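Colleague: Give me the fold of what follows.
(chains A, B, C, D and E, ligands or ions: 5)
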Amino acid sequence: MQILEKILRLADHRLVRTGLVLASAVLMTAALYLSLVWAPEAVGETDVYRIIFFHVPTAIMSYLAFFIVFAASAAYLWKGELLFDRVARVGGELGVLFCSLMLLTGMIWGKQRWGAWWLWEPRLTTALILLVIYAGYLALRNVVDNQITRARYAAVFGIIGFIDVPIVHFAIKMWGNIMHPVVIKSASDTGMSPEMTVALRVGMLAFLALFATVFLLRFRLENLSARVSSLRASSGD
Amino acid sequence: MKNTLLSARAVLMKDLRTEWRTREFLGHTFMFALLVIVIFNFAFKINPQNAPGFASGILWISFLFAGTLGLGRSFLVEKENDCIQGLALSPVDRTAIFLAKFAGNLIFLLIIQVIVVPAFIVLYNVNVMENFFMQCLVFLLGDVGFMTLGTLIAAMSVNLKAREILLPVLLLPLLTPLLIFAASATASLVGGDDPSAYLGRIRLLAAFDVIFFVVSLLVFEYIMDEL
Amino acid sequence: MKNTLLSARAVLMKDLRTEWRTREFLGHTFMFALLVIVIFNFAFKINPQNAPGFASGILWISFLFAGTLGLGRSFLVEKENDCIQGLALSPVDRTAIFLAKFAGNLIFLLIIQVIVVPAFIVLYNVNVMENFFMQCLVFLLGDVGFMTLGTLIAAMSVNLKAREILLPVLLLPLLTPLLIFAASATASLVGGDDPSAYLGRIRLLAAFDVIFFVVSLLVFEYIMDEL
Amino acid sequence: MYKGRIECSGVGKKYGDFTALKNVDLLIEAGDFLVLFGPNGAGKTTLLKILCGMTRPTSGVAKVGGADSHSPEIRGKIGVISHKSYLYDSLTAFENLEFYGQMYGLENPRARAGELLETVELAQRKDDMVRSFSRGMTQRLSIARALVADPDFIFLDEPFTGLDHHSAVAFQALLSALHKRGKTVLMITHDIPLGVAASTRVAILKNGRKVFDEKTDGLGGDKFMKTYLEVAGK
Amino acid sequence: MYKGRIECSGVGKKYGDFTALKNVDLLIEAGDFLVLFGPNGAGKTTLLKILCGMTRPTSGVAKVGGADSHSPEIRGKIGVISHKSYLYDSLTAFENLEFYGQMYGLENPRARAGELLETVELAQRKDDMVRSFSRGMTQRLSIARALVADPDFIFLDEPFTGLDHHSAVAFQALLSALHKRGKTVLMITHDIPLGVAASTRVAILKNGRKVFDEKTDGLGGDKFMKTYLEVAGK
Ligand code: HEM
Ligand SMILES: Nc1ncnc2c1ncn2[C@@H]1O[C@H](COP(=O)(O)OP(=O)(O)OP(=O)(O)O)[C@@H](O)[C@H]1O
Ligand SMILES: Nc1ncnc2c1ncn2[C@@H]1O[C@H](COP(=O)(O)OP(=O)(O)OP(=O)(O)O)[C@@H](O)[C@H]1O
Ligand SMILES: [Mg+2]
Ligand SMILES: [Mg+2]
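Modeller: Ligands and ions are numbered 1, 2, ... in the order given. Predicted coordinates for the structure are as follows:
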């Protein structure tokens, strides 16, 4: 709560906002260069493999966003502060965005690698269900008019949806055969050449910066518009 | 607690009475269930050889559709003359309403199953109930999970504009794990696999039920407050 | 005649406008369609080998369910505040109402198909539209027959108490011949059979459409009179 | 004159075993303003529904403008305000009137809609959805809807429900203007002074039978009140 | 005494951009009978909905009996008659009352249902479904429903709608009896003489603001009519 307000106050400084935008732009350019030009060719792969430098960060970012939805939803039900609801909303939007990007990059890669846009494979199917759950979350937010009702419904759905995710993942894993590669065993053993690891790390950083920037700007906007309407309400028209 | 259960019973009795008055309710349900089976037959060209392989899928998809149909109804009766407002104004425990609607929906689905399953066995000549006790357990556990989440989402969507389509859109993705556990357990039981193949799934189903029943009870109040 | 078409257009425009206001209508429909496909996958364990055999069945069952959902809605909007009475009191030709509702339902189903079919092709990697023109013809003829009877039955069931369940119960048996013709024609087209296999079915579908369209137009007045 | 007449002979209506109307004869001449009184459940709404063709009598004949009340040719000439509004919640006030104008085959439904919205003083709210209207606003729009095709016969079932003082006065004026223009009006109300003042004829239904039917001239509001209490009272 | 009081301070309500209520302060003492007047769309129903916890104000606080109007503890003590009946169409009159009795946790809901059906003179029709009721009969049953738990606070939104002369008189008597027993009543109506006669206080809303609020003593029906026209008239 207090942290959120502090963050908001920080974002009120134009310098902070510009700085963030600049930082993510620089990082993104670096990541593009490192992954598309600098990273070496992979053994037994065409250049399409370079999509991994976007595919993996977007996947991680969508997880992060969905976690934010969950945490903010729980916080909203607990405290009843609409501020948390706004966090959840922005999280949901970003999650759906990054999840779509992850699917899209994955599908493009898959078309080249497996010869099909899609396989009914656990990791892929889980991602698809995840997308549908959170697209449903946004749809739900969109059809409720009253803001408190909306906040409560969304919070309940956000919590249930998040609890469902690991179960979905587990269930689908049990149900189908695995085709999706697992390369990264751990932070130390990435299963890739050092250059690739660097490129991936920089890509991750760039997407994190992008995520933080978009999140902050979007969150600030939400709060400003909420403040405008509450000012309007107390002034009478 | 006792009060909650008494109120839940009152709401449930009211619902059952109303449904019962919709004359021939059971008859319709029966025909509906039958039709779903027949439709699958034409769509997939099922024959005695491939029937066992299809059994579990056909059954669970029928349950899913029939159940969603029932869920849509369950809160809709409360919308007539805004009765839901009348309920919300009363001091009745919100949990009671959840429990009553949950029980009503569960009963509806159980009736469907009691009709569909024998009809399926007769029409396709596949005895899906060979392991009677276990199969019943799978159905029951599947139903409980389905109706727990279903009642919650139905309560949410009853006041929304795109109700009919939003209910399945919100509910079905949440139910995928349940469908996987249940359909594969039923399939193992039909295929006569050895217990290790289905016991694990039954345990998972039970876990799913417990988790979501508890969570639903905790959050239901927030939704009923907004009706 | 011209008046009838003008009134029909007015009713259709009103319906489209109302639907459109239900924000994100297309989005919901898209998700619903996607979910149906995913659900089938879990229920039947579809893999690249057996996918082509399932294609026709999955598609037609999805259309059937989505279409029935849409049909339920189409007269329900008229029940709010008894608007259907207001319509019935006006001198508008009953045929116009039938045509408008028919067109609205057809549009809904076509939208579903435009979404489901590509999604199906991508997700299952089965190109069901290889014989593009013929397959479109089969879909269209199937849709017209479905929605002709569907609109009629939906109009009949809107005032009945057990509406949600009665609609499929009355409609599905009437549709079985249509489903058989359409599903087998689609299957032939997917399987790459030679034209003799599907041309006959397409002709039968067309005959089904013509017969029921004419009959429905003739009898619709009697149904509307009783609304 | 035959054209504007309403005739019921021996009209009866049963719902299952329950008799809502029994052998009602009624003759409303063209240009009459009949106000129908009666206790709750007397069968007033049922009679009105029969007259506008919304339900069929189980016995007897009801004719409006010379034709059977259920026949299509008379439909365009009747305007009805009933207990329900017949308005689409998800359309705006303007769109509702425009739509009904199209259903009645008007030349220019949009102009008519605008005009009627002025009449019922909803012009300012014309682009708001009916869903968001208060009860009185909905009732006003319902009045506009009934008048959209400038009907020859106007059937009103408790039309003052929910109207505020100002609108009630305005609607009374509107009704008497319409009546002056030769419309045949049948109105149901429980407000005895108001009803008697507007009427040229009054009738009382009780337990499904017509128990009183007279011209209003010479029948003061107070005098009729007495009669009503005698006839309809416990 | 604090227990029976209703307090609004600075209550506002917005629907989207539309302001339905603006900064309304209102104090209803225990045992008061406040009648609320105002043109259509003034915000009367909105205020009532806020007071009985059916909707939340967007600003300000509404307290009923010392508790927030949205809080659960106050629910059992409020009886509401609204524009909608809250009755189940497919249950009989008796079953409806019995059911609501159970929801309010009554000891003997069946006895209470029978008693109330006598009060609203529907005992004869107790086993008929609400679906088949006329408008006035539905309204009478709705009155019974609101009183099922013998609430301390009675909120009435145009409760005379559809009642025939006899029932209206009987309901007035019932209301004044309830008021004498110490209930706090808030009633919305458009019938000025009737409202003033029943009230101990009158208030007028206009465009979402309270523009008048006074004790009724010394304020005759005619005098208030003038005030109303001045304050609320065009
Ligand atoms: C639509 C298709 C795809 C989806 C939805 C998808 C989804 C995901 C997700 C969610 C992750 C992050 C998982 C984690 O790190 O925990 C991931 C990582 C990864 N994906 Fe994909 N993927 C798709 C296609 C592909 C394809 C075709 C390839 C290459 C053959 C691929 C290769 C990888 C690799 C190498 C990682 C790195 C993480 C690891 O090794 O565990 N993905 N994918
Ligand atoms: N659909 C129905 N099914 C069964 N009975 C009905 C139906 N509609 C009306 N009735 C009964 O017919 C009688 C007359 O009803 P009607 O609505 O005509 O009364 P009304 O004179 O308009 O009363 P009110 O002043 O209360 O509006 C009532 O006793 C009612 O219960
Ligand atoms: N759900 C809603 N959405 C948008 N606007 C609404 C909604 N409900 C009410 N309003 C608006 O709020 C205003 C006040 O409505 P309210 O129902 O409180 O009026 P009222 O004083 O009860 O009028 P009436 O005498 O006609 O019943 C109206 O202008 C109405 O259009
Ligand atoms: Mg009536
Ligand atoms: Mg109101």
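
Colleague: What mean pLDDT does the top helix by length along chain A get?
Modeller: Using DSSP state H to define each element, chain A has its longest helix at helix A:194-235. Averaging pLDDT along helix A:194-235 yields 82.

Colleague: what number of residues lie near the closest residue in space to residue B:146 that isn't next to it in sequence?
Modeller: Nearest non-adjacent residue to residue B:146, counting by C-beta to C-beta, 6 or more residues apart in numbering or on different chains: residue B:67, 5.7 Å away. Where C-beta positions appear, they are placed from N, C-alpha and C, glycine not excepted. Counted with other C-beta atoms under 10 Å in any protein chain shown, the neighbours of residue B:67 add up to 23.

Colleague: Likewise for residue D:150?
Modeller: 15.

Colleague: on that earlier part again, now for the residue nearest to residue B:146: which residues touch it?
Modeller: Taking C-beta atoms under 8 Å, 6 or more residues apart in numbering or on different chains, we find residue B:67 in contact with B:105, B:108-109, B:112, B:143, B:146-147, B:150.

Colleague: And residue A:54, by the same measure?
Modeller: Contacts for residue A:54 (C-beta under 8 Å, 6+ apart) come out as A:35, A:101, A:105, A:203, A:207.

Colleague: try 7 Å this time
Modeller: Counting by C-beta atoms under 7 Å, 6 or more residues apart in numbering or on different chains, residue A:54 touches A:105, A:203.

Colleague: swap in the one 3 residues further on?
Modeller: With contacts taken as C-beta under 7 Å, 6+ apart, residue A:57 has the following neighbours: A:203-204, A:207.

Colleague: how is chain D carved up into domains?
Modeller: Here the domain parsing of chain D from automatic domain parsing is D:1-77+D:152-160+D:182-234, D:84-150.

Colleague: These into JSON lines, with extra columns for distance to residue C:154 and mean pLDDT?
Modeller: Output for the domains of chain D, formatted as JSON lines (distance: least, C-beta to C-beta, whole Å; pLDDT from 0 to 100):
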{"stretch": "domain D:1-77+D:152-160+D:182-234", "distance to residue C:154": "21", "mean pLDDT": "88"}
{"stretch": "domain D:84-150", "distance to residue C:154": "18", "mean pLDDT": "94"}
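
Colleague: Tell me which of those is the most buried.
Modeller: Highest mean neighbour count among the domains of chain D (mean count of other C-beta atoms under 10 Å in any protein chain shown): domain D:84-150, with a mean of 21.

Colleague: Show the end-to-end separation of it, please.
Modeller: End-to-end distance for domain D:84-150, by C-alpha to C-alpha, to the nearest Å: 20 Å.

Colleague: How about it and chain E, any contact?
Modeller: Yes - residues of domain D:84-150 contacting chain E under C-beta under 7 Å from any C-beta of the partner chain: D:132, D:134-137.

Colleague: any idea how far residue B:105 is from ligand 5?
Modeller: Noted for residue B:105: a distance of 35 Å to ligand 5, by C-beta to the ion, to the nearest Å.

Colleague: Sticking with the residue nearest to that residue when sequence neighbours are not counted, tell me its helix or strand.
Modeller: For residue B:105, ignoring the flanking residues on the chain, the nearest one in space by C-beta to C-beta, 6+ apart is residue B:147 at 4.6 Å. Following DSSP states H and E, the helix or strand that holds residue B:147 is helix B:132-157.

Colleague: picking that back up, which ones among the residues of domain D:84-150 next to chain E are found in helices?
Modeller: Among these, the residues falling in helices (DSSP H) are D:135-137.

Colleague: and residue E:232, which of the domains of chain D is closest to it?
Modeller: For the domains of chain D, the distance to residue E:232 is smallest for domain D:84-150, at 12.7 Å, taking C-beta to C-beta.

Colleague: Next, see if that closest one gets close to ligand 3.
Modeller: Yes - residues of domain D:84-150 are located near ligand 3 by C-beta under 6 Å from any ligand atom, namely D:132-137.

Colleague: State the pair within these that is farthest apart.
Modeller: Top of the distance list for the residues of domain D:84-150 next to ligand 3 (C-beta to C-beta): D:132 and D:136, 13.3 Å.

Colleague: Out of the domains of chain D, the one nearest residue B:187 is which?
Modeller: Of all the domains of chain D, domain D:84-150 sits nearest to residue B:187, with 44.8 Å by C-beta to C-beta.

Colleague: pretty sure residue D:154 is in a strand, no?
Modeller: Yes - Residue D:154 forms part of a strand when assessed by DSSP: H, G, I helix; E, B strand; the rest coil.

Colleague: Distance check, it against residue D:177.
Modeller: Using C-beta to C-beta, to the nearest Å, residue D:154 is found at 12 Å from residue D:177.
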